[in-house]
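A.B. asks: The amino acid sequence is not available; the structure is as follows:
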């Protein structure tokens, strides 16, 4: 697991400030120059051989700093107004402390190291707590606005399976959550984040009005539009963090692992559909959830999205998905049950996670329905895994069909 924390630089002398600023501007200029020299290079080594000797003489940077620029240029998609230059520990960077301050010493040039003081604010306290909890930092970065980025990492360890599974369905209106036990019992269901979409709907209307005035040349509307976009970004970011906190606390309360779908990029299907899909903050939610689950020792399972919206969790039949008259409902043509689509999808994600558990020693089973219809709709027909995970129809001691995992 990796994460980055932005650390604020304290007061530096005018000389140090000028050295850092000149270095940042020179690194950005060299980045953009290398970006143009990258043309006609098929491999990274061709690009390295073409530019290294000349650029090393021109900039005078440490070899490690220049290597960082090369890798950043090779991965970039265009010119940049400011870049973050990375420094590796211990070769080109080190940390030390005094009685009152902590410092990061950056090796900008071969014989020029600059000790940068850090402000002990909340970000620094969080950085210190992570280091005390087993995280390590072997790389620091200097941003274009002269702040320090600490890149931390920690090895992932195998976690024992918890008793239950919490499935999360991310859709265009909310986060639907269902907690399922191995016996097939629904322990809890809930919705989170409805206010995110309601707030974004209002902000979208305001942005469209401001955009129309900004197109006429109004400077006030242009400033208001930028401010509205910034407020929307901050609101969504904060609320996603709060939703993730609530979901992980629920998982701990019910002794459950967490499962989400492995969603991919949607293909364009129309202006309205694309606008609704682009509002779903799935990737920001997933990234935040991964970090929070790692901190709280909760296993996060990524399950295949095959038929999670079409599978009837009551009888096991595979239908067409949402009801034709009401998109928020799922109507099964086999058993006639009508349920909320989002709630059913979160249940199916949890059920699929239970089915795909590979602990073949216990053969955990759970009851899904009393109806004898095919129940293999949640497993992709061409899926081949080892050990074999099967969804089978068997008769229990009470004569009811039961889903179980076997190898």
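C.D. replies: Good, I have the coordinates. None of the values given here were measured: they were computed from a predicted structure.
A.B. asks: Which of the helices and strands in the protein ranks last by mean pLDDT?
C.D. replies: strand 394-395 (a mean of 30; mean pLDDT, DSSP states H and E).
A.B. asks: Domains of the protein: list them as residue ranges, please.
C.D. replies: 2-153, 164-358 (automatic domain parsing).
A.B. asks: is it possible to export the ones you listed to JSON lines including mean neighbour count?
C.D. replies: C-beta: built from backbone N, CA, C; applies to glycine. JSON lines is the format used below for the domains of the chain (neighbours: other Cβ atoms under 10 Å):
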{"stretch": "domain 2-153", "mean neighbour count": "15"}
{"stretch": "domain 164-358", "mean neighbour count": "17"}
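A.B. asks: and the helix ranked longest in the chain, what other elements does it pack with?
C.D. replies: Ranked by residue count, the top helix of the chain under DSSP state H comes out as helix 219-253. Judged by 3 or more Cβ pairs under 8 Å, 6 or more residues apart in numbering; DSSP states H and E, the packing partners of helix 219-253 are strand 164-170, strand 175-180, strand 186-192, helix 194-215, strand 256-261, helix 282-295.
A.B. asks: what's the closest of those to residue 93?
C.D. replies: Evaluated over these, closeness to residue 93 peaks at helix 282-295, with 24.3 Å, by Cβ to Cβ.
A.B. asks: any idea of the angle the closest one forms with helix 219-253?
C.D. replies: Inter-element angle recorded for helix 282-295 and helix 219-253: 40 degrees (by axes from the mean of the first three to the mean of the last three Cα atoms, to 10 degrees).
A.B. asks: pLDDT averaged over helix 282-295 - what is it?
C.D. replies: Helix 282-295 shows a mean pLDDT of 86.
A.B. asks: Pull up the pairing partners for whatever helix or strand comes next after it, direction included.
C.D. replies: Downstream of helix 282-295, the first helix or strand assigned by DSSP states H and E is strand 300-303. Strand pairing for strand 300-303, using DSSP bridges, gives strand 256-261 (parallel).
A.B. asks: can you give me the strands for the stretch 1-150 of the chain?
C.D. replies: 2-7, 85-88, 93-97, 102-109, 112-118, 136-142, 148-153 (DSSP state E, counting those that start in this stretch).
A.B. asks: Against residue 186, how distant is residue 313?
C.D. replies: Between residue 313 and residue 186 the distance is 9 Å, computed by Cβ to Cβ, to the nearest Å.
A.B. asks: What of residue 150?
C.D. replies: With Cβ to Cβ as the criterion, residue 150 and residue 186 are 43 Å apart.
A.B. asks: list the contacts for residue 163?
C.D. replies: 181, 182, 255, 256 (Cβ atoms under 8 Å, 6 or more residues apart in numbering).
A.B. asks: for residue 221, that is, sorry about that
C.D. replies: Neighbours of residue 221 in contact, by Cβ under 8 Å, 6+ apart: 210, 211, 213, 214.
A.B. asks: Need the per-residue pLDDT for the last one.
C.D. replies: Looking at residue 214, its pLDDT reads 87.
A.B. asks: isn't it right up against residue 227?
C.D. replies: No - here residue 214 does not reach residue 227: they are 12.0 Å apart, not a contact under Cβ atoms under 8 Å.
A.B. asks: overlap in contacts of those two?
C.D. replies: By Cβ under 8 Å, 6+ apart, no residue touches both residue 214 and residue 227.
A.B. asks: Work out which residue lies at the spatial centre of this structure.
C.D. replies: residue 287 (1.8 Å; Cα atoms, centre = their mean).
A.B. asks: Residue 127 versus that one, what's the distance?
C.D. replies: Between residue 287 and residue 127 the computed distance is 19 Å (Cβ to Cβ).
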